[in-house]
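S.K.: sequence unknown, structure follows:
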């Protein structure tokens, strides 16, 4: 699935020109529109010895006086999404530690990373109540990712800008894949790719005319559907891996480039550890093998098409992730603020 997304990015690389043209024409959002956009707040809770505190209750009161609470993860991290911009009050409590509070200001669309919040030893303990589980936080992530579009049009669902994002459940992986599969923009993009193939007479066995275009469109949609279901849901569930690209955003250009390229063959597991990208690699070759069922016989050349499509899929994954790392975030509204710090 990632290989087709990367291909889409290559075909839509001209889209940044429209963003530049809009800036040159002075197209801006009104203050009321900007102020209405929420942001994200994240941070870490530690104790006096700089050890991270797991299970601390973090409560945020936003500018509208609305309160929400989450528990810190195993590395002491917490995160709130869709937070109303304005003055915030963050309160933290944990068993055996004195409560602490912090006040800050969140700007529209800002991804605010707070300085570590330190809890000191207390004589009395406080009760901890779970408000949001990791599954619920992951569900909020999906809602955010489903709104990520390049220039407001091209889906950019399979990238996450929070390094500490929790893993998706099996149901959530299928949900994200299904959302990408039925997105109207993808139908338009597939049609554009089919038109280019028609003009260059790619897969000549399909012929020309309306019939040839229809066959190319059907083949493109078949590739996209198989890649999305296998690479975005089925295989990530089987191998317990996350199908999304985790944006790094820090380090030298060389380090970020090597990281982005490496994610075509390594992947973050649901356990949070990096491992060989079994789901992605197997998905690329499986998609290539299945494509032999509907590509023209004259273009199959035995198993060559399968191997070719599989290797191209891996290559496009790496190229697409480099593009994600350095360019696409700037074209995705609401994601142009600094990301949460990577480990």
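M.R.: Structure received. Only a predicted model underlies this, so the values are computations on that prediction, with no experimental measurement involved.
S.K.: which SS state does residue 59 fall under?
M.R.: Per DSSP: H, G, I helix; E, B strand; the rest coil, the local secondary structure of residue 59 is strand.
S.K.: kindly apply the preceding question to residue 104 instead.
M.R.: For residue 104, the assignment made with three-state DSSP gives strand.
S.K.: can we start the residue count at 56 from this point?
M.R.: New numbering, starting at 56: the last item is residue 159.
S.K.: can you pull the contacts of residue 227?
M.R.: 190, 193, 194, 197 (CB atoms under 8 Å, 6 or more residues apart in numbering). (C-beta placed from N, C-alpha, C; glycine too.)
S.K.: those residues in strands, which ones?
M.R.: Mapping the contacts of residue 227 onto strands (DSSP state E) picks out no residues; all lie outside.
S.K.: show me what counts as buried in stretch 106-118.
M.R.: Along stretch 106-118, the positions that meet the burial threshold by neighbour count (16 or more other CB atoms under 10 Å) are 107, 108, 111, 112, 113, 114, 115, 116, 117.
S.K.: from those residues, which is closest to residue 208?
M.R.: residue 117 (30.4 Å; CB to CB).
S.K.: leaving out chain neighbours, which residue sits closest to that closest one?
M.R.: Nearest residue to residue 117, sequence neighbours excluded (CB to CB, 6 or more residues apart in numbering): residue 139, at 4.3 Å.
S.K.: pLDDT value on the one you found, please?
M.R.: pLDDT recorded at residue 139 is 91.
S.K.: which residues in the stretch 256-398 of the chain form helices?
M.R.: Taking DSSP state H, counting those that start in this stretch, the helices of the stretch 256-398 of the chain run over residues 264-284, 290-294, 308-317, 333-346, 359-381.
S.K.: could you give the angle of the first one to helix 333-346?
M.R.: Angle between the axes of helix 264-284 and helix 333-346 is 150 degrees (criterion: axes from the mean of the first three to the mean of the last three CA atoms, to 10 degrees).
S.K.: so which elements touch helix 264-284?
M.R.: helix 57-66, helix 225-236, helix 239-255, helix 333-346 (3 or more CB pairs under 8 Å, 6 or more residues apart in numbering; DSSP states H and E).
S.K.: can you give me how far that helix is from the chain middle?
M.R.: For helix 264-284, the distance from its own C-alpha centre to the chain's C-alpha centre is 25 Å (CA atoms, centre = their mean, to the nearest Å).
S.K.: how about it: buried residues?
M.R.: When burial is assessed from 16+ other CB under 10 Å, helix 264-284 yields the following buried residues: 267-268, 270-272, 274-284.
S.K.: quick one: pLDDT of residue 82?
M.R.: The predicted local confidence for residue 82 is 38.
S.K.: ok, residue 213 next?
M.R.: 92.
S.K.: quick one: it and residue 302 touch, right?
M.R.: No: taking contacts as CB atoms under 8 Å, residue 213 lies outside contact range of residue 302: 11.1 Å.
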